[in-house]
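K.L.:
here is the input, now give the coordinates:
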Amino acid sequence: MRSHQLAALALSLGLVATITGCGGPETAPLTETNKTDFVLNDIGEMYRQYAFSKKKPANSLADFAPLDTVAPLGFKALKDGDVIARAGVEIKDVMEGPATTDPADDVLAYAKEVPTSGGLVLMHNRTVKQMTADEFKAAKLAGTGDLAAGSTAKSKH
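P.N.:
Take a look at the predicted model:
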């Protein structure tokens, strides 16, 4: 029973943070135009919270499953394969907002179409950046490889 109360509290805090703009895009309402921005910010928040609580890098999508109530858009996008995230990425700066001690030039996550069409990417310092396909091909990818596909990861609902 207590875990349901904690999950509800985490969901409420996550929704308040999204609505008020804490850790998310500056534009408040979610639209098709800014959805990827929201999703990538959610994923950045999952990396930050995982590193803060576990003191180690996430290596699979299952590592992020307990955070699906905190960052539901990001978790769903990873699970569905709409966004590719990197495994084994050490997050040193776990403060809210963009990181100041993590690299600004390593790609942490990206929309699946970025390698061929360009688009938004999440950098290791948890900022979102627009890249062309050529810029992405030349960019350094953070971590040790892509997180495993989400089909086997289970949500904790």
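K.L.:
next, the distance between the ends of stretch 66-75.
P.N.:
Stretch 66-75 has an end-to-end distance of 10 Å (CA to CA, to the nearest Å).
K.L.:
so for that stretch, mean pLDDT?
P.N.:
If you average the pLDDT over stretch 66-75, you get 93.
K.L.:
where does the residue nearest to the spatial centre of the chain land in three-state SS?
P.N.:
Centroid check for the chain by CA atoms, centre = their mean gives residue 43 as the closest residue, at 0.9 Å. Recorded secondary structure, residue 43: helix (DSSP: H, G, I helix; E, B strand; the rest coil).
K.L.:
hmm, residue 86 and it touching each other?
P.N.:
No. Residue 43 lies out of contact with residue 86 (CB atoms under 8 Å); the separation is 10.2 Å. C-betas here are computed from N, CA, C, even on glycine.
K.L.:
find residues that contact each of these two.
P.N.:
Common neighbours of residue 43 and residue 86 are listed as 108-109 (criterion: CB atoms under 8 Å, 6 or more residues apart in numbering).
K.L.:
do you know how far the closest residue to residue 146 other than its chain neighbours is from residue 93?
P.N.:
Nearest residue to residue 146, sequence neighbours excluded (CB to CB, 6 or more residues apart in numbering): residue 84, at 5.5 Å. Taking CB to CB, to the nearest Å as the measure, residue 84 falls 22 Å from residue 93.
K.L.:
counting neighbours, go ahead and name the busier of these two.
P.N.:
Counted by other CB atoms under 10 Å, residue 84 and residue 93 do not tie: residue 84 has more neighbours, with 19 against 16.
K.L.:
secondary structure of residue 110: a strand, I assume?
P.N.:
Yes. Secondary structure assignment places residue 110 in a strand (three-state DSSP).
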